[in-house]
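Engineer: could you look at this predicted model? Sequence included:
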There are 4 protein chains.
Amino acid sequence: MDIGKERLHSLKEEAVQGFTAYCGLEPVSLEPGRFVTRVRIRDCHLQQDGFVHAGLIATMADHTAGYASFSLVPPDRRILTVEYKINFLSPASGDYLECRSRVLKSGKTLLVTESDVYAVRGDKEALVAKALLTMAAVPQDKVPEP
Amino acid sequence: MDIGKERLHSLKEEAVQGFTAYCGLEPVSLEPGRFVTRVRIRDCHLQQDGFVHAGLIATMADHTAGYASFSLVPPDRRILTVEYKINFLSPASGDYLECRSRVLKSGKTLLVTESDVYAVRGDKEALVAKALLTMAAVPQDKVPEP
Amino acid sequence: MDIGKERLHSLKEEAVQGFTAYCGLEPVSLEPGRFVTRVRIRDCHLQQDGFVHAGLIATMADHTAGYASFSLVPPDRRILTVEYKINFLSPASGDYLECRSRVLKSGKTLLVTESDVYAVRGDKEALVAKALLTMAAVPQDKVPEP
Amino acid sequence: MDIGKERLHSLKEEAVQGFTAYCGLEPVSLEPGRFVTRVRIRDCHLQQDGFVHAGLIATMADHTAGYASFSLVPPDRRILTVEYKINFLSPASGDYLECRSRVLKSGKTLLVTESDVYAVRGDKEALVAKALLTMAAVPQDKVPEP
C-alpha cells in the first residue's frame, strides 16, 4: 500500500497521546514500515536500582512497532498488539532512550515486527533491549468499545 | 529460604517507587513466591482506542513477577528482568487492573515466573494478558552503577 | 462450537503423521480445547549432555497446542503456528515426556494456548518446560500450496 | 575469549549428534559467535499440510544459536537453552532450510542470541522464521547427570 505524506504525518502526531504522552514519548521519524521514537530519561522512569524501568522500555518497543505497523495498513484498520517477547541486554541509564522499530513481515491481518532500544549518553549508545512482536490489523468496525 | 514477616513487609512497600509509583501501582498481597498488585485505571493509562495501553499491562506483569521473585532470594541479591513474553488476550478496560504473579521455578541465579493480568469492572473480571518471564538474581555487588 | 465425537477421534489420529510420527509422538487424550500427548524417550531424542533435546520438547509443546486448537475451530479451518515462547525449567530425562496443552482464549482467527511438558521417570514427574503459544485458524482455501 | 581453530572445528563436528543427527542437521560454517546450519527437507520433516513442521524449524533455530554460543565460552562451560521465542513468518517448503544464528550479547552466565531460518528452493530463499533466544553458560561440574 502506498501511504501519503499527510497520513504519515498524522500518524506520527497521533502516536503520542494518553499513556505514551504520560511516559514522555517523542516521535523522531516515521517512514513506511519503520518508526523511531525517543524518551528523555527522568526520575519518574527509574526502578529500584536507579536504572530505567523495563516497563518503560517495553512500552517504547511495543508502541513504536505498533505505529511502524500502522504505516503499512489501510486507514480503516486499527493496530492491536497480539503479543511480544523482549530481552533486556543491559541495565539502562543515560540521557535518553531511542527505539527503532521495523516491520519484518506484513500480512493482511498479522504483522511481525522487531524493535531495538538504545540508551544514549552523550555521544555513546548501547543496545539495551530487543523485542520481537506480533501485531494484528483489525478492521475499525471490529474493534470493540472500551 | 525462609523469609521473615519484616522483609516481606518492606519488599511490599519498596515495590512501589519511581516508574511504578508514577504508573499508580498498588501492592495488594505478597507472600513467598506470589505477589498481587493493582492499578486504578485513569485517562493517562489509555491508548489511541480508549483501552489500557499494553505498556502499562506489561509493566505490571513484569514488576509484580519481579517482586514475587525478590521474596524467594537472599536479601543481598537484586532481581533484574532477563526477558519476558506477554500475550494480550482482549483489549483492556474497566475500573482497575489486577496482576497476579507467581514463581514457577526458583533456581539459584534464574527464576521463571508467570503473571496473569485481569481487568475488573464492577464485580466482573476478565483475563486480559498472560506473561511468562525470566528473572535473574544478581548479587548486589555485581549490579553496575547506573 | 460443538465438536462431534467422530471429529475428535479423527483429529486425535491425524495428529501423528510426518515429523511428529518420526519423533514418536503418541496421542493420549483429546477433548475440546485440551490435548495430551506422550513421547517415549529414545537415544535419538538426546542432545550433547544426554538430556532430551529442547527441540523435541518444543515440537511437543507446539504440536499438542495446535491440535488442542483444531478441536475448537470449524472443520474447514487449518491451524498454523504464529509464534510461541518456551521456557526450559530443568534439563529433561526419564522414561517418557508428557505434554498437556490447553486453549486459554479462542478467537475467530487467533487462539492463545499454553503447554506444560513433564518428564516422567517411574512414578515421578517433573515440569521441564512451559510454553505460551499463538495459533492462527486459517480458512482451508487460504492455506497456500507447499 | 579467543577460540582456537581446533576447538571451532571440534564444536562444529560435535554439533550434529543425537536428535540433531536424527533430524538431518548439517553444519555449514562456524565462526566465533556465528553459526550456519542446513537441513535437506525430507518427507519425515513435514506436517499435516505438507509444510516443514514448526518443530524442526525451532530445533534448528535453537541448536544453531546454542553452538554459536558455545564458540564464545570457555571449554569447561556447557550451553543450556534457558528459553526462546520464535515467530513463523510463512509456511516453509523447498529444497532445504538454512539457519543463521548470531550472539547479540555475551555475558558471563547468559548469552542472548538470534536465529533466522530461510527456506531455499532453487536459487530463491525466503525468511520463514525468526527467533530470539537466551542461553546459559553452565560450568560443566554444575550440569546434573541425566
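Structural biologist: That came through fine.
Engineer: quick one: stretch A:107-118 near chain C?
Structural biologist: Yes. On the criterion C-beta under 8 Å from any C-beta of the partner chain, stretch A:107-118 is in touch with chain C at A:109-110, A:112. The way it works is simple: take the backbone N, C-alpha and C, and place the C-beta from them, glycine included.
Engineer: what about that stretch, average pLDDT?
Structural biologist: For stretch A:107-118, mean pLDDT rounds to 97.
Engineer: could you export it as CSV, CA atoms only?
Structural biologist: Extracted in CSV, the C-alpha atoms of stretch A:107-118 (Å, rounded to 0.1, in the frame of the first residue of the first chain):
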residue,chain,number,x,y,z
GLY,A,107,0.4,-9.9,6.2
LYS,A,108,-3.2,-8.9,5.7
THR,A,109,-4.2,-9.5,9.3
LEU,A,110,-0.9,-10.1,11.1
LEU,A,111,2.4,-8.1,11.1
VAL,A,112,5.6,-9.3,12.6
THR,A,113,7.9,-6.6,13.8
GLU,A,114,11.1,-6.0,15.7
SER,A,115,12.3,-3.2,18.0
ASP,A,116,15.8,-2.3,19.2
VAL,A,117,16.0,0.1,22.1
TYR,A,118,19.2,2.0,22.7
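Engineer: and that stretch with chain D, contact?
Structural biologist: Yes. Using C-beta under 8 Å from any C-beta, stretch A:107-118 reaches chain D at A:112, A:114.
Engineer: what helix or strand is whichever residue of chain A sits closest to chain D on?
Structural biologist: Closest to chain D within chain A is residue A:85: 3.6 Å, counting by C-beta to the nearest C-beta. For residue A:85, the host element (DSSP states H and E) is strand A:77-88.
Engineer: from the middle of its chain, how far away would that strand be?
Structural biologist: Centroid separation for strand A:77-88 versus its chain: 9 Å, with C-alpha atoms, centre = their mean, to the nearest Å.
Engineer: check stretch A:121-132 too.
Structural biologist: Using C-alpha atoms, centre = their mean, the offset of stretch A:121-132 from its chain centre is 14 Å.
Engineer: quick one: contacts of that stretch?
Structural biologist: Residues from elsewhere that reach stretch A:121-132 (C-beta atoms under 8 Å, 6 or more residues apart in numbering or on different chains): A:52, A:54, A:57-58, A:61-62, A:65, A:84-95, A:97-98, A:112-119, C:83, D:85, D:87, D:104-105, D:112, D:114, D:130-132.
Engineer: buried residues in stretch A:137-146, which are they?
Structural biologist: Residues A:137-138 are the ones in stretch A:137-146 that count as buried (16 or more other C-beta atoms under 10 Å in any protein chain shown).
Engineer: coming back round to it: for the residue of chain A closest to chain D, list each beta-bridge partner.
Structural biologist: Counting by DSSP bridges, residue A:85 is bridged to residue A:132, residue B:85.
Engineer: you'd agree it is up against residue B:58?
Structural biologist: No. The pair residue A:85 / residue B:58 is not scored as a contact, 10.9 Å apart, by C-beta atoms under 8 Å.
Engineer: now the common contact residues for the two.
Structural biologist: Joint contacts of residue A:85 and residue B:58 (C-beta under 8 Å, 6+ apart) are B:84, B:86.
Engineer: ok, the longest helix anywhere in chain A near chain C or not?
Structural biologist: For chain A, the helix with the greatest residue count under DSSP state H is helix A:54-70. No. Helix A:54-70 stays clear of chain C (C-beta under 8 Å from any C-beta), getting no nearer than 13.9 Å.
Engineer: that older thread, give the contact list for the residue of chain A closest to chain D.
Structural biologist: By C-beta under 8 Å, 6+ apart, the contact set of residue A:85 is A:131-133, B:83-86, C:85, D:85, D:132.
Engineer: circling back to that earlier point, and the angle for the strand holding residue A:85 with helix A:54-70?
Structural biologist: Here strand A:77-88 runs at an angle of 140 degrees relative to helix A:54-70 (axes from the mean of the first three to the mean of the last three C-alpha atoms, to 10 degrees).
Engineer: give the buried residues for strand A:77-88.
Structural biologist: So, applying 16+ other C-beta under 10 Å, buried residues of strand A:77-88: A:77-88.
Engineer: also stretch A:36-46?
Structural biologist: By neighbour count on 16+ other C-beta under 10 Å, the buried set for stretch A:36-46 is A:36-39, A:41, A:45-46.
Engineer: go on, stretch A:50-57?
Structural biologist: The neighbour-count criterion (16+ other C-beta under 10 Å) identifies A:51-57 as the buried residues of stretch A:50-57.
Engineer: what's near enough to touch the residue nearest the centre of chain A?
Structural biologist: For chain A, residue A:64 is the residue whose C-alpha lies nearest the centre (C-alpha atoms, centre = their mean; 1.4 Å). By C-beta under 8 Å, 6+ apart, the contact list for residue A:64 reads A:35-37, A:99-101, A:115.
Engineer: for chain C, what is the nearest residue in chain A?
Structural biologist: Residue nearest to chain C within chain A: residue A:85 (5.4 Å; C-beta to the nearest C-beta).
Engineer: what about stretch A:53-65, distance to the chain center?
Structural biologist: Using C-alpha atoms, centre = their mean, the distance from the centre of stretch A:53-65 to the centre of the chain it belongs to is 6 Å.
Engineer: repeat that for stretch A:129-136.
Structural biologist: Its chain's C-alpha centre and that of stretch A:129-136 lie 9 Å apart, by C-alpha atoms, centre = their mean.
Engineer: in which helix or strand would I find residue A:37?
Structural biologist: Assessed by DSSP H and E, residue A:37 sits inside strand A:34-40.
Engineer: elements contacting that strand?
Structural biologist: The contact analysis (3 or more C-beta pairs under 8 Å, 6 or more residues apart in numbering or on different chains; DSSP states H and E) places strand A:34-40 against strand A:25-31, helix A:54-70, strand A:96-106.
Engineer: got these as a markdown table, with distance to residue A:126 columns?
Structural biologist: Converted to a markdown table, these look like this (distance: least, C-beta to C-beta, whole Å):
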| stretch | distance to residue A:126 |
| --- | --- |
| strand A:25-31 | 18 |
| helix A:54-70 | 12 |
| strand A:96-106 | 10 |
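Engineer: out of the ones you listed, which is the most enclosed?
Structural biologist: helix A:54-70 (a mean of 28; mean count of other C-beta atoms under 10 Å in any protein chain shown).
Engineer: tilt between the longest helix of chain A and strand B:25-31?
Structural biologist: Calculated by the same axes, to 10 degrees, helix A:54-70 forms an angle of 120 degrees with strand B:25-31.
Engineer: residue numbers of chain A in contact with chain D?
Structural biologist: Selection of chain A residues close to chain D by C-beta under 8 Å from any C-beta yields A:85, A:87, A:89-90, A:104-105, A:112, A:114, A:127, A:130-132, A:134.
Engineer: with adjacent residues omitted, what lies nearest to residue A:91?
Structural biologist: Using C-beta to C-beta, 6 or more residues apart in numbering or on different chains and skipping residues adjacent in sequence, the residue nearest residue A:91 is residue A:51, 4.2 Å away.
Engineer: show the pLDDT at the one you found.
Structural biologist: For residue A:51, the pLDDT comes out at 97.
Engineer: phi and psi next, for it.
Structural biologist: When read as degrees, to the nearest 10, the backbone of residue A:51 gives phi -90, psi 160.
Engineer: ok, it - contacts?
Structural biologist: So residue A:51 contacts A:91-93, B:146 (C-beta under 8 Å, 6+ apart).
Engineer: give me the buried subset of these.
Structural biologist: By neighbour count, with 16+ other C-beta under 10 Å, the contacts of residue A:51 hold A:91-93 as buried.
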